[in-house]
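[1] Give me a model of this one.
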Amino acid sequence: MYYPFLRAKKHELLALLAIPAGNFSKMLPILEPVTVSAQALSSYRNLSASGRRVILITNPTHGDTTAGDVQRLLIAGALSTHPNLTLGLVVDKDFSMTALTGFLGNNLSHEKAIIFRYNPRPSDVTAMAALLPSHPEVKHLIFDDRKIASSGAFTWHPQRVIVSDGFQREEKNANYGSSSSFHSYMTTIAAMGFAGFGDYLTVGDAYSDGGGIGYVVTLHLTSPDGSDLNVNHFSSVTDSHIRGLQPPKFKEACASLATSAILKALPRTTGIDMYLDWHARDHYPSLGPPKQASMQHHLELICSMI
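    Down below sits the predicted model:
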């Protein structure tokens, strides 16, 4: 099972709504609700109506959304009728056993997940390992591969998941080459004793709220490399010394992607369709939708490979 981790901003939510529903039989997205704007709430309501299953983090560590917002606006609000909603608790630097017991004692009708993005104190790990066997509603234990020291205490759990940041992010778009490897545990989870794997798609784990106007537009497209993965980077080259000029720079990068021989070997995805449509219409959709297209393609490609 594939567990993509998304920060649930506008285009992350739209990506989950745009891909074919059949992909959700192979994946369970983790959503960190960093915003609860009116637009986000509309997307959450659409997710609920579609029944597409997700893990919703109840204690987001990024953005301006509070745990109270998640409970009031999402669990008891936009997602209150969702038939497949799992609730997640992030283990972070502020973790306490009191927080865990409160999480387990609330919203009793929902399945639960615990997401380790921090290594708890050994005494807390021992206490968690003693407590969780009596809580079968905790269906998923999810470990960031950089914070995995405590995973050995939970080998008894049938659904342990390992999540990696496989995207090799560059500080500047101009620094991307033509491709880079994308690390994934997709083919090694069984040997490692895990039942699922995840990643942070072609965005990476680094969180940012918006972006500035750059010199180069770069589009990302994931492709198989045997049993491994690559991310292909298609960058504008004209006027790369001038900040801005995004419409012509996007069209140049999109043309490079749409005419690349790489596409011939890839399964057709909704993300690829978006790029081909923009190229055919010579259209600049702004820079949010291309990020969405890249994520949609990544999600669909991974699901096609497992």
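[2] Next up, identify which helix or strand Pro289 is on.
    Element membership of Pro289 [criterion: DSSP states H and E] is helix 288-305.
[3] Now do that helix: which elements does it pack against?
    helix 10-18, strand 218-225, helix 270-281 (3 or more Cβ pairs under 8 Å, 6 or more residues apart in numbering; DSSP states H and E). Quick note: C-beta positions are derived from backbone N, CA and C, even for glycine.
[4] Generate JSON lines for these, with distance to Arg121 and mean neighbour count as supplementary columns.
    JSON lines is the format used below for the helices and strands packed on helix 288-305 (distance: least, Cβ to Cβ, whole Å; neighbours: other Cβ atoms under 10 Å):
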{"stretch": "helix 10-18", "distance to Arg121": "32", "mean neighbour count": "21"}
{"stretch": "strand 218-225", "distance to Arg121": "38", "mean neighbour count": "21"}
{"stretch": "helix 270-281", "distance to Arg121": "42", "mean neighbour count": "17"}
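[5] Tell me where the chain has strands.
    Here the chain has its strands, by DSSP state E, at 5-6, 30-31, 54-57, 85-91, 111-116, 138-144, 160-164, 179-182, 196-199, 218-225, 228-235.
[6] Of all those, which one comes closest to Lys291?
    Lys291 lies closest to strand 218-225 among the strands of the chain, at 8.5 Å (Cβ to Cβ).
[7] Can you give me the separation between the residue nearest to Phe103 when sequence neighbours are not counted and Gly77?
    Spatial nearest neighbour of Phe103, excluding adjacent residues (Cβ to Cβ, 6 or more residues apart in numbering): Leu89 at 4.4 Å. Distance from Leu89 to Gly77, counting by Cβ to Cβ, to the nearest Å: 19 Å.
[8] Of the two, which one has the most company?
    A count of neighbours by other Cβ atoms under 10 Å puts Leu89 above the other of Leu89 and Gly77, at 21 against 16.
[9] For Glu111, see how far away the more buried one is.
    12 Å.
[10] Dump the helices and strands packed on helix 288-305 to TSV, plus distance to Thr238 and mean pLDDT.
    Putting the helices and strands packed on helix 288-305 into TSV (distance: least, Cβ to Cβ, whole Å; pLDDT from 0 to 100) gives the following:
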stretch	distance to Thr238	mean pLDDT
helix 10-18	26	96
strand 218-225	13	95
helix 270-281	16	97
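[11] and of those, who's closest to Ile142?
    Between Ile142 and the helices and strands packed on helix 288-305, the shortest gap by Cβ to Cβ is with helix 10-18, which sits at 17.5 Å.
[12] Tell me which of the helices and strands packed on helix 288-305 sits nearest to Phe143.
    Here helix 10-18 is closest among the helices and strands packed on helix 288-305 (Cβ to Cβ), at 21.6 Å.
[13] how distant is the closest one from the center of its chain?
    Mean C-alpha position of helix 10-18 versus that of the full chain (Cα atoms, centre = their mean, to the nearest Å) differs by 11 Å.
[14] Between helix 288-305 and it, find me the angle.
    Using axes from the mean of the first three to the mean of the last three Cα atoms, to 10 degrees, the direction of helix 10-18 lies 40 degrees away from that of helix 288-305.
[15] low-confidence ranges in the protein?
    Applying pLDDT under 70 to the chain flags residues 210-212.
[16] Helices along the stretch 51-200 of the chain, start to end?
    67-69, 97-105, 122-131, 189-192 (DSSP state H, counting those that start in this stretch).
[17] which residues touch the shortest one?
    This points to helix 67-69. Identification of contacts with helix 67-69 by Cβ atoms under 8 Å, 6 or more residues apart in numbering yields 33, 36, 58-60.
[18] Quick check: buried residues in it?
    Asp69 (16 or more other Cβ atoms under 10 Å).
[19] Kindly report the same for the last one.
    Burial within helix 189-192, assessed by neighbour count using 16+ other Cβ under 10 Å, is assigned to Ile189.
[20] Begin at 54, not 1, for the rest of this chat.
    With 54 as the first residue, the last one maps to helix 242-245.
[21] quick one: buried residues of the helix holding Pro342?
    Neighbour-count burial for helix 341-358 [16+ other Cβ under 10 Å]: 342-356.
[22] Quick one: distance of it to the chain centre.
    10 Å.
[23] Can you check what angle separates it from strand 271-278?
    With the same axes, to 10 degrees applied, the angle from helix 341-358 to strand 271-278 works out at 10 degrees.
[24] For helix 341-358, which outside residues touch it?
    With Cβ under 8 Å, 6+ apart, helix 341-358 has contacts from 55, 57, 59, 63-65, 67-69, 71-73, 76, 79-80, 237, 239, 252, 254-256, 272-277, 303, 307, 319-320, 322-325, 327-328, 331.
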